[in-house]
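Colleague: show me how the following folds:
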Amino acid sequence: MSPAKARLIHLLGLPGHKITYEQARDLLDHPDVEVRCALAQRDDLEPEILFFLARDVDPTVRRIIASNTKVPEKASLVLASDADGDVRAELAMRLGKLIPGFDAADADKTWRTVHQVLALLVRDQLPRVRRVISEALKYLPDAPRDIVLQLARDPEVSVAAPILEFSPVLTDQDLIDIIESSPLTASLVAISRRLNVGEEVSNAIVGTADVDAITALLNNQSAQIREATLDAIIDAAPVYPSWHEPLVTRRQLPGRAALRIAGFVADTLLQKLAARQDLDAATTSALGLIVKQKLNQDSGSLAPDSLSAALDPIALRTAAARAAGLMETGKLTPVSIMKIAQDGVSTVIIAALAARANLPVDAVAEVVRSGSAKGMLAVAWAGDFTADQAEILQLKVARVMPDQVIKPKSDGWFDATEAEMEWQLNMFKDAAQQNATDMANASRRPGT
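Modeller: Numbering: from 1, shown residues only. Here you go, the predicted model:
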């Protein structure tokens, strides 16, 4: 760097050094970009000079101008359409700091220009530019509605999420419209986390059947959930363990809902539910009884008379015929069967599992009779249930002790190979056939 150039740059950077309009104008065409950059950093230049610098041929100069707090609004309009992404990003960051303290009422004409700049930036091709504007506007109650809606529908989650979670500009109807447009899970989760989510919005979120969004909604204690919507969540909750604890700890939980939840949650959560102090006396008493029954069941097994009734051969044949009809009409779905399973073992659930898995009803009965975790896992696999659902079937129908239940693998799949499960099914088919043969032989013996 020549001594003359170094001295010029030094003088331009001195806070107390003044330059005239004519001097600044002459430097606009200086051939050295470092000199023009030093000029662009000054905060005492005339608006006309700053405007010309905003159109400098070098993007480095334009990036400095984009961050200059004294740049006139019309120059910002030029910068908002700059071909260089870093220039637009610098402009967005400067506006992001400016907007929260801007009083539109005091400078209506200026605000209109700022609004035009924002309208360009929220359509920018670079997510990082749009993200800066989203973060700047997310808490502002008087942020431009059209800009906020544009950001809320942004395909980039990191742009949309701050607005969806925090913006007071969005109405319940705005949120419902966005939910019905099938956004990504992360956007639904952001809506679910909003303060005081309304009942209609909660209902729309549950209607998406998005597990993560519903989990976030349940964890949001300020969310308003009407009883019918809560019932819909509880219907599906047995197969989604991530919902269990937030359901148990939900504020203002209706007694009827508490009793339904008690039917599928783990022992520790059941005891936590029973210990709640805000439930009515009848519900508290009923929960205490359920806890005692569960403890007795875990320490022993299903009462012999009840198990015998569920395994009655004649009743099983009748139930199997009905289940086959339901299967043919498409009504015997995993969801419908899981609802039946909540009542525990019965001829109906055994027949339904057999029909769903295309197995002899006697084979499934043998699985239940033996209380086999591996056998019930195989039945669930054959019936196209999930590994999470298989865990519940082991507990509810096969009466497997909780510490012996085969849980899903970390990837959510069955913790057994297909060959192992096929072997289990064949083994129980053979056991059922052998049992039938033994009974037939016994009936033909003299004196029987």
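Colleague: and L332, how close does it get to E391?
Modeller: 20 Å (Cβ to Cβ, to the nearest Å). (Glycine included, C-beta is placed from N, CA and C.)
Colleague: repeat for T318
Modeller: In terms of Cβ to Cβ, T318 sits 29 Å off from E391.
Colleague: ramachandran coordinates for the residue nearest to D44 when sequence neighbours are not counted?
Modeller: Using Cβ to Cβ, 6 or more residues apart in numbering and skipping the chain neighbours, the partner closest in space to D44 is K18 (7.3 Å). With angles defined as degrees, to the nearest 10, K18 sits at phi -90, psi 150.
Colleague: more crowded one of L332 and E391?
Modeller: Set L332 next to E391 and count neighbours by other Cβ atoms under 10 Å: E391 wins out with 25 against 21.
Colleague: in three-state terms, label the more buried one for me.
Modeller: helix (DSSP: H, G, I helix; E, B strand; the rest coil).
Colleague: what residues are up against it?
Modeller: V405, I406, K407, P408 (Cβ atoms under 8 Å, 6 or more residues apart in numbering).
Colleague: and for the residue nearest to A209 when sequence neighbours are not counted, the neighbour number?
Modeller: In space, and not counting its chain neighbours, A209 is closest to A236: 7.7 Å by Cβ to Cβ, 6+ apart. Using other Cβ under 10 Å, A236 is surrounded by 16 other residues.
Colleague: quick one: A236 and S336 touch, right?
Modeller: No. Counting by Cβ atoms under 8 Å, A236 sits too far from S336 to count as a contact (11.7 Å).
Colleague: gap between the residue nearest to A209 and I340?
Modeller: A236 is 14 Å from I340, by Cβ to Cβ.
Colleague: who's in contact with the helix or strand hosting L259?
Modeller: According to DSSP states H and E, L259 maps onto helix 255-261. Applying Cβ under 8 Å, 6+ apart, the contact partners of helix 255-261 are 227, 230-231, 234, 237, 244, 247-248, 253, 273, 276, 279-280, 282-283, 286-287, 290.
Colleague: same question, stretch 112-123
Modeller: By Cβ under 8 Å, 6+ apart, the residues outside stretch 112-123 that reach it are 73-74, 76-77, 80-81, 88, 91-92, 95, 98-99, 102, 129-130, 133, 144, 146-147, 150-151, 154.
Colleague: out of these, which are buried?
Modeller: For the contacts of stretch 112-123, a burial check counting by 16 or more other Cβ atoms under 10 Å picks out 73, 76-77, 80, 88, 91-92, 95, 99, 129-130, 133, 144, 147, 150-151, 154.
Colleague: low-confidence ranges, the stretch 1-150 of the chain, go.
Modeller: Applying pLDDT under 70 to the stretch 1-150 of the chain flags residues 1-5, 8, 10-11, 13-16, 101-110.
Colleague: mind doing that once more with 80?
Modeller: The stretch 1-150 of the chain contains residues with pLDDT under 80 at 1-17, 98-111.
Colleague: let me see the ranges of the helices in it.
Modeller: 3-13, 21-27, 33-40, 47-53, 59-66, 73-80, 85-98, 108-121, 127-137, 145-152 (DSSP state H, counting those that start in this stretch).
Colleague: is it possible to get a markdown table of these that adds distance to N203?
Modeller: Below are the helices of the stretch 1-150 of the chain laid out as a markdown table (distance: least, Cβ to Cβ, whole Å):
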| stretch | distance to N203 |
| --- | --- |
| helix 3-13 | 61 |
| helix 21-27 | 62 |
| helix 33-40 | 54 |
| helix 47-53 | 52 |
| helix 59-66 | 45 |
| helix 73-80 | 40 |
| helix 85-98 | 35 |
| helix 108-121 | 33 |
| helix 127-137 | 27 |
| helix 145-152 | 19 |
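Colleague: looking at those, which is closest to A266?
Modeller: Ranking those by distance to A266, with Cβ to Cβ as the measure, places helix 145-152 first at 38.0 Å.
Colleague: any idea which helix or strand comes after the closest one?
Modeller: helix 157-166.
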